[in-house]
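Colleague: Dropping the sequence and predicted coords here.
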Amino acid sequence: MSAVSETSQKLYTAEDLERLSAQGYRCELIRGELKEMSPTGDAHGYATYLVTLYLGMFIEEHSLGKGYGAETGFQLANSPDTVLAPDFAFVAKGRKPDTVAKTYVPFVPDLVLETR
């Protein structure tokens with residue numbers, strides 16, 4: 001059974017997405033519409049690992065900010081909500097509050113990478 005209906009007119013919220021994720025569904029939310037995400041393959045996974053490894057080491061060595069691994073949700077917009085989960089994201093030092101969000105990171109990262 002699919003969580004996403006092609007004929008559905010309902011706009012989903014970030015809270016709806018969080019509930020679906022807890023049930024095992026893998027989706028992103030774009031302007032209130034759910035978009036299912038499929039698992040990736042060998043080449044994609046390894047390339048993403050390498051990018052995350054090397055960028056992460058560089059970010060940490062130079063205290064540039066925070067790197068985020070694959071599937072971290074960033075809430076980019078509200079009403080209708082948009083939550084995307086890039087393969088890698090970076091937020092420069094000083095831009096991120098010291099508090100940790102209980103759900104999705106509530107702002108746009110400085111850098112986003114998607115493995116193709």
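Modeller: Yep, that arrived.
Colleague: dump the residue contacts of Ala47.
Modeller: Ala47 makes contact with Thr115, according to CB atoms under 8 Å, 6 or more residues apart in numbering. Yep, even glycine has a C-beta here, placed from its N, CA and C like the rest.
Colleague: Surely it is within a strand?
Modeller: No - counting by DSSP: H, G, I helix; E, B strand; the rest coil, Ala47 falls outside a strand, being helix.
Colleague: Leu113 touches Asp87, doesn't it?
Modeller: Yes - at 5.7 Å, Leu113 counts as touching Asp87 under the criterion of CB atoms under 8 Å.
Colleague: In terms of neighbours, single out the busier of these two.
Modeller: Asp87 (22 against 16; other CB atoms under 10 Å).
Colleague: From Ala14, how far off is that one?
Modeller: Note on Asp87: its distance to Ala14, by CB to CB, to the nearest Å, is 20 Å.
Colleague: Also Gly24?
Modeller: Taken as CB to CB, the span from Gly24 to Ala14 is 18 Å.
Colleague: Likewise for Phe90?
Modeller: Taking CB to CB, one finds Phe90 at 22 Å from Ala14.
Colleague: Check Tyr25 too.
Modeller: Taken as CB to CB, the span from Tyr25 to Ala14 is 14 Å.
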